[in-house]
Structures are given as C-alpha cells and as structure tokens.
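> Below is the sequence, then the predicted model.
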Amino acid sequence: MTSPRNRRPSRHHRPVRALLILLAAFIPAVLMMAGCSVDRSGQDSSKPTIRLAYQSFPSGDLIVKNNRWLEDALPNYNIKWTKFDSGADINTAFIAKQIDFGAIGSSPVARGLSAPLNIPYQVAFVLDVAGDNEALVARNGTGINTVADLRGKRVATAFASTAHYSLLAALAQAHVDPKDVDIVDLQPQASLAAWQRGDVDAVYTWLPTLDQLRKDGKTLIASRQLATAGKPTLDLGVVSTQFAKDNPTVVDTWRKAQARALVLIHDDPQAAAKAVAAQLGTTPEDAANQLRQGTYLTAAEISSPTWLGTDGQPGNVAENLHSAAVFLAEQQQIPSAPPPSTFQQAVYTKGLPGVLTAQ
C-alpha cells in the first residue's frame, strides 16, 4: 500500500469534481472488492435473492445476520449478505443496482439523495444514534490536545461517511478551515495502519477500529458531543425504492427482524453481545463494551415524530438528512442541497407504527 505521506493530499475544494470523474471507474472496483466478502451459503438458484449490504460496526443488523432471522422468516428467498467498508461503497453498490438493503450512515444517505448521485432509496429503519462509538482521536506524541490543534496536521477519515461529516462539523465548531488541515481519505483499517506507521496525526472513525486507536491516542471529541451541538449522525437501514414498491411484505419482515434485534439489545444485552462478537470476531465482553457506546432506540421511539414518524407523516429524520445535506453543500462536498421534500419522500413510513410490533 502506498503510504499516505506519498499521496497527493485530498483537499476539500475538489471533491465534487473528483466524484463526477471517478464514479464510473470506481463502481466496478468497489463491487469486485465487496464480492470477496459475500456470504453465499445455502444459495438456491430456484429462489429469488435478497441482497443486503452490512458493515462491521456494532448494531442490531449484525444480530439479525448472525442469528439468521431473515433466513428463517423468508424461506422462499436466498439471503445474500455482502460486507462493505463504508457508506460511500454502499452508495456505489446501490448505483450499480447490486444491493436491495443497506446499513449506512446518515451523512452518506444525505449525499446519496443529493445530486449528482440521486440514489433511489428510502430510509426504513434507524439502526442506532452515534454516541461514543464514533470519535476523533489524536495520536500520542503529536502535541494535539484540541480540535484547534489540527491546523497543519494530517487527519484520516473515510470520505463521504458519518465520520467525515462529523470531522467537518468538529472543525467548523472549532473555527478551523478544512483547507488548513491535510485530510486524507482512508477506510478504518487503512487509517489504523497509517496511524501505526506514524503517517497520520489523528483519525475520525468508528468502532471497532476506534477502540484500537484509543489505546495510544487521546479522544478530542465524540459524535455524542456533536449531536448535542446540533450535528447528530445516525446509522440507518435503507431499501431500494423499487424493491420496496415490488416487495412490501419483505420490507415489513426485514423491519420486524431489525426491531427484534433492538429488543434483544435492551432486554438481553448478554445475548446481543454474543451475537455481535461472533460477527466482529471479538469477545462478548468487548462487543458488550462497544454496544454500550451507541444509542439504540426502541420500536416505539423509531416510529415517533422525532425519528421515522408514522404512515404518511415522515418524522424528523427527514429534517436531519436535509440539514446534513445543507452542511455538506456549505463544505463543497455536494453541489447543493435538495429541498426538504426530497428527504421527506425518502423516509419509508408505510405500515408504521404497527408493523414494528406486529407478530
């Protein structure tokens, strides 16, 4: 791997143009890499396939996958899980029409619903609200003690992710121009490797990589603090608009499975941690610690006006996504923010609240 020190710096005044230039070439590469992490166990060519994108952060989505709840509830379908490293990669897979569902952060969703991507998908679930499970950490020995100290330093984050959004929000809060920081685009594991080589001074990322960075670094700010300052980030479950239109009962089953996972996190944290640990390749104790760092809603909360809302009445998630898009436009990450109606139409409320509690 080429060291970030030898890369041409990725500056924030060029991202929109770069996105337009690289998108077509990037899609095949992402799908090729993602294909290495596809679970095709038990595939039956005579049955239709439901394609789900997941990420390795602690969530109910990992519980659903580990416990095979979808496989049990939908025996007439193949269930294909594909692992992705970030929301940007999942957006690319949606553009290529390679997935039906995805676990993805609110910032990449805001970007995906905006030009030039204009991805036809809808938010159908809130997996978690970012807390201490996503944070900005400075490496020991760099002399960085505050966000303001990042001027002139090299900071890694996964572009177009919730961590990227939160990094920009933290810089804005500290009155630091992003152009005064050398921000490089690295996925979590690549940022950890760069950190260990001493090639980056700080990283904004999420669990489980985040806990590894904390061992020899200092947390400058966490997404929980930014949320209280008006810049919350969420992990969302999205579904292709066309798939939802054609398969509403499948979407209902998927939402019920996700709601069941939230119940497990709240009512039996030990069982939840065991399932998450199996997917992350860690111990149940470590998984339990990771789960404690996030905020997991109840089914009643998800269908409240604060979040998804109810059938025909989209909740505040739409405004959250619109605010994120406005901020991204201000930071020149997208050309402009779509109107609020774009995000209201992108919240899938069909059957809420009843569908989350029906057995």
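Yes, it's here.
> Correct me if wrong: Leu226 contacts Ala174.
No - using CB atoms under 8 Å, Leu226 is not in contact with Ala174, being 11.2 Å away. (C-beta placed from N, C-alpha, C; glycine too.)
> for the strand or helix carrying Asp235, packing partners?
Secondary structure from DSSP states H and E places Asp235 in strand 234-240. Packing partners of strand 234-240 (3 or more CB pairs under 8 Å, 6 or more residues apart in numbering; DSSP states H and E): strand 101-105, helix 106-112, strand 121-129, helix 248-267, helix 317-330.
> Restrict the third one to CA atoms and write it as PDB.
What that stands for is strand 121-129. What follows is strand 121-129, C-alpha atoms only, in PDB (Å, rounded to 0.1, in the frame of the first residue of the first chain):
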ATOM      1  CA  TYR A 121     -33.600   4.500  -2.000                       C
ATOM      2  CA  GLN A 122     -35.500   5.200   1.200                       C
ATOM      3  CA  VAL A 123     -34.800   5.200   4.900                       C
ATOM      4  CA  ALA A 124     -36.800   2.300   6.500                       C
ATOM      5  CA  PHE A 125     -35.100   2.000   9.900                       C
ATOM      6  CA  VAL A 126     -32.800   3.700  12.500                       C
ATOM      7  CA  LEU A 127     -30.100   1.200  13.500                       C
ATOM      8  CA  ASP A 128     -28.500   3.500  16.100                       C
ATOM      9  CA  VAL A 129     -27.700   7.000  17.000                       C
END
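> Check what pLDDT the spatially closest residue to Pro108 that is not a sequence neighbour gets.
Using CB to CB, 6 or more residues apart in numbering and skipping the chain neighbours, the partner closest in space to Pro108 is Gly87 (3.0 Å). Listed pLDDT for Gly87 reads 93.
> of Leu226 and Ala174, who's got more company?
Under the neighbour definition other CB atoms under 10 Å, Leu226 and Ala174 were set side by side, and Leu226 has more, 23 against 15.
> Could you name the helices and strands sitting against the helix or strand containing the more buried one?
In this structure, Leu226 is located in helix 223-228 according to DSSP H and E. Contact partners of helix 223-228 among helices and strands, from 3+ CB pairs under 8 Å, 6+ apart: helix 162-173.
> what's the next secondary structure element after the helix it packs on?
As the chain continues past helix 162-173, the following element, by DSSP H and E, is strand 182-185.
> List the strands paired with that following strand, with their directions.
Sheet pairing of strand 182-185 (DSSP bridges) gives strand 154-157 (parallel).
> any idea how far the partner strand is from the chain center?
How far strand 154-157 lies from its chain's middle: 18 Å, per CA atoms, centre = their mean, to the nearest Å.
> same thing with stretch 229-245?
With CA atoms, centre = their mean, you get 9 Å for stretch 229-245.
> gap between the two ends of it?
Terminal residues of stretch 229-245 lie 37 Å apart, using CA to CA, to the nearest Å.
> Please identify the buried residues of that stretch?
231-240, 243-244 (16 or more other CB atoms under 10 Å).
> Make TSV out of these and add distance to Thr82.
Formatted as TSV, these follow (distance: CB to CB, whole Å):
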residue	distance to Thr82
Lys231	30
Pro232	27
Thr233	23
Leu234	21
Asp235	17
Leu236	17
Gly237	15
Val238	14
Val239	15
Ser240	14
Phe243	15
Ala244	19
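> which among those residues gets closest to Asn78?
Using CB to CB, Phe243 comes nearest to Asn78 of the buried residues of stretch 229-245, at 14.4 Å.
> so the closest one sits right up against Asp100, yeah?
Yes - Phe243 is in contact with Asp100 according to CB under 8 Å; the separation is 4.5 Å.
> Name the residue closest to the centre of this protein, please.
Gly105 (2.7 Å; CA atoms, centre = their mean).
> how close does that residue sit to Ala160?
Going from Gly105 to Ala160 by CB to CB, to the nearest Å gives 9 Å.
> any common contacting residues for these two?
Taking CB atoms under 8 Å, 6 or more residues apart in numbering as the criterion, Gly105 and Ala160 both touch Gly87.
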